[in-house]
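K.L.:
A structural model of the following input is requested.
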Amino acid sequence: MNNKLQRSLATLILISFIWGCGAYSFTGASTAADTIVVAEFFNNTDLAPANLAQNFTNDLKDFYQRNSNLSVVQENGQLRIEGTIVEYAIRPIAPVSAGNNQLADAAALTRLTIGVKASYEDTLEPKNSFKDKTFSFYADFPNTQDITSVQEQLEKTIFDQILLDIFNATVANW
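P.N.:
Residues are numbered from 1 along each chain as shown. Modelled structure (predicted):
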């Protein structure tokens, strides 16, 4: 085969491959829907900052816009997600002996855990819908640091994982 014919054949195969994968997204999002409603999440915890639910909702909207072809709309979306922040817990972990019976043992690390309960409705493929599914993640920090100094970064780390988990459970079909 001559070089020109080989290039033409390779181009034809590549175009066929790309055309055949037209519905594929490199993020894994695979839905026929065009729109999604991300309802305001509510904070149902005692310890969480007052703006946590609003920040989570905004981050979730941004995540869908960045990682899919979905348009976030206020109402009448083909997809809908809503939920509640149900856990915001700060717990000591990794106990360390004080080495002295007169002193209390301490923890070397503290863990921040955030849990979100979400419901998802897919009007185009109802079998993909779910109700009250819990997504949770945590991040640890040394006891030498105060929670207020690391709280924003910990929440971002935790949110990043929960957002990915929700995205995978909804439009990525993982």
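K.L.:
Give me the nearest residue to F159, chain neighbours excluded.
P.N.:
D59 (5.5 Å; C-beta to C-beta, 6 or more residues apart in numbering). Any C-beta I mention is one placed from the backbone N, CA and C, and that applies to glycine too.
K.L.:
element containing the one you found, please.
P.N.:
helix 52-67 (DSSP states H and E).
K.L.:
which helices and strands sit right next to that helix?
P.N.:
Helix 52-67 sits against strand 35-38, strand 42-43, strand 71-73, strand 79-96, helix 147-170, with contacts defined as 3 or more C-beta pairs under 8 Å, 6 or more residues apart in numbering; DSSP states H and E.
K.L.:
mind checking which of those is nearest E125?
P.N.:
Comparing the helices and strands packed on helix 52-67 against E125 with C-beta to C-beta, the closest turns out to be strand 79-96 (9.5 Å).
K.L.:
Give the buried residues for the closest one.
P.N.:
79-88 (16 or more other C-beta atoms under 10 Å).
K.L.:
In this model Q161 seems to touch the residue nearest to F159, though I could be wrong.
P.N.:
No. If you go by C-beta atoms under 8 Å, D59 and Q161 don't touch, sitting 11.7 Å apart.
K.L.:
okay, now the closest residue to I85 other than its chain neighbours: neighbour count?
P.N.:
In space, I85 comes closest to N43 once its chain neighbours are excluded; the distance is 4.9 Å by C-beta to C-beta, 6+ apart. Applying other C-beta atoms under 10 Å, we find 18 residues neighbouring N43.
K.L.:
residues contacting N43?
P.N.:
With contact taken as C-beta atoms under 8 Å, 6 or more residues apart in numbering, N43 is in contact with 50, 52-53, 84-85, 88.
K.L.:
Swap in 7 Å and give it another go.
P.N.:
52-53, 85 (C-beta atoms under 7 Å, 6 or more residues apart in numbering).
K.L.:
so where does the residue nearest to A89 when sequence neighbours are not counted fall, helix or strand?
P.N.:
Nearest residue to A89 in three dimensions, chain neighbours excluded: T113, at 4.7 Å (C-beta to C-beta, 6+ apart). Assessed by DSSP H and E, T113 sits inside strand 106-122.
K.L.:
Run the chain-centre distance for that strand.
P.N.:
12 Å (C-alpha atoms, centre = their mean, to the nearest Å).
K.L.:
What strands line up against that strand, and which way round?
P.N.:
Here strand 106-122 has these sheet partners by DSSP bridges: strand 79-96 (antiparallel), strand 130-142 (antiparallel).
K.L.:
Can you point out the buried residues in it?
P.N.:
Here strand 106-122 shows 109-112, 114-118, 120-122 as buried, counting by 16+ other C-beta under 10 Å.
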